[in-house]
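>>> the following block contains a protein sequence and its predicted model.
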Amino acid sequence: MGSIRIVPSLLSADFGRLAEEIRRAEDGGADDLHVDVMDGHFVPNLTIGLPVVAAMKKVARVPLDVHIMISNPLEFAARYIEAGAASLTFHAKATDEPGRVIDAITAAGGKVAMAINPATPIERVLPYLDRLAMVLVMSVVPGFGGQKFMPEVLPKLERLRATGFRGDLEIDGGIGPATIAAATAANANVFVAGSAVFGVANVRTRIGELRAAAELATAVRAPAR
Ligand code: DX5
Ligand code: ZN
């Protein structure tokens, strides 16, 4: 299965100093950077869009893991790849045509991921697993950083891995030192963390702490099959 990756979410960064915040995360050991795009429609919050992703791409040294919480992923998918996203995650419940969104991302040269909300069953992504590099299991209702982790979503990770899916399993929402081990034990290997990373003075110490906890939990985890 995929290796452990710690992916700070820039949603909790200081937007007035994005370049410095990107450097702070990278110097602290971030494997990728998570970028939350919200449209004020699919989720009740509005964040950033294409021009900011393009500006981040100019500064970033690690890949941008762009998470689009928007109602019209088909219209925008290729444009986020062109703007600099290495991987693009769209929500299963945002479209009736996931296959076309997957094709658009793939044709633009990006890695494809689908996300499921806490209330969305894994059945929504199962038909597409062989075309996905990653599945994102939301562990909060998307829209805001700093929410409480929902452990009840963890069985979805177990079930996804039990299908034989060999791509990455990402978890997003409420991940920190107190929750990362449980997520790892349930088979997640890509960990988005916003407030837990940008909310502390020493990012390197925090990322190291998260990675150590995930590595320890991986070592004691029973094989998926
Ligand atoms: C929530 C976003 C998350 C958010 C996570 O809708 O998708 O990526 O930044 O923030 P924390 O880690 O603070 O829960
Ligand atoms: Zn996110």
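Thanks, I have it. Every value quoted in this text rests on a predicted model; they were computed, and no experiment measured them. Ligands and ions are numbered 1, 2, ... in the order given.
>>> tell me the pLDDT at the residue in the chain positioned nearest to ligand 2?
Nearest residue of the chain to ligand 2: His67, at 3.8 Å (Cβ to the ion). C-beta coordinates here come from the backbone N, C-alpha and C atoms, glycine included. We note a pLDDT of 99 for His67 in this prediction.
>>> over to Met1?
For Met1, the predicted pLDDT is 64.
>>> from here on, count from 646
Done: numbering now begins at 646, and the last item shifts to Met646.
>>> what count of nearby residues applies to Asp813?
Other residues lying near Asp813 total 21 when counted by other Cβ atoms under 10 Å.
>>> for it, what are phi and psi?
phi -80, psi 150 (degrees, to the nearest 10).
>>> Arg806 in helix, strand or coil?
Judged by DSSP: H, G, I helix; E, B strand; the rest coil, the three-state class of Arg806 is helix.
>>> just the pLDDT for it.
So Arg806 comes in at 97 (pLDDT).
>>> can you check the one 10 residues further on too?
On pLDDT, Ile816 comes in at 99.
>>> which strand residues bridge it?
Following DSSP bridges, Ile816 is listed with bridge partners Val782, Phe836.
>>> ok, it touching Asn832?
No. Using Cβ atoms under 8 Å, Ile816 makes no contact with Asn832, being 9.6 Å away.
>>> just to revisit the earlier point, how much space separates the residue of the chain closest to ligand 2 from Asp672?
23 Å (Cβ to Cβ, to the nearest Å).
>>> between those two, which one's more packed in?
Here His712 and Asp672 are set side by side on neighbour count (other Cβ under 10 Å), and the busier one is His712, at 28 against 12.
>>> make sure Val711 is indeed in a strand.
Yes. Per three-state DSSP, Val711 lies within a strand segment.
>>> before we move on, back to that, joint contacts of Ile816 and Asn832?
The overlap between the contact sets of Ile816 and Asn832 (Cβ atoms under 8 Å, 6 or more residues apart in numbering) consists of Leu802.
>>> which one of those two has more residues nearby?
More neighbours surround Ile816 than the other of Ile816 and Asn832, with 29 against 23 (other Cβ under 10 Å).
>>> report the contact partners of the nearest residue to Gly744 once chain neighbours are set aside.
Leaving aside its sequence neighbours, Gly744 sits nearest to Tyr773 (Cβ to Cβ, 6 or more residues apart in numbering; 7.0 Å). Shown in contact with Tyr773 (Cβ under 8 Å, 6+ apart): 743-744, 747, 759.
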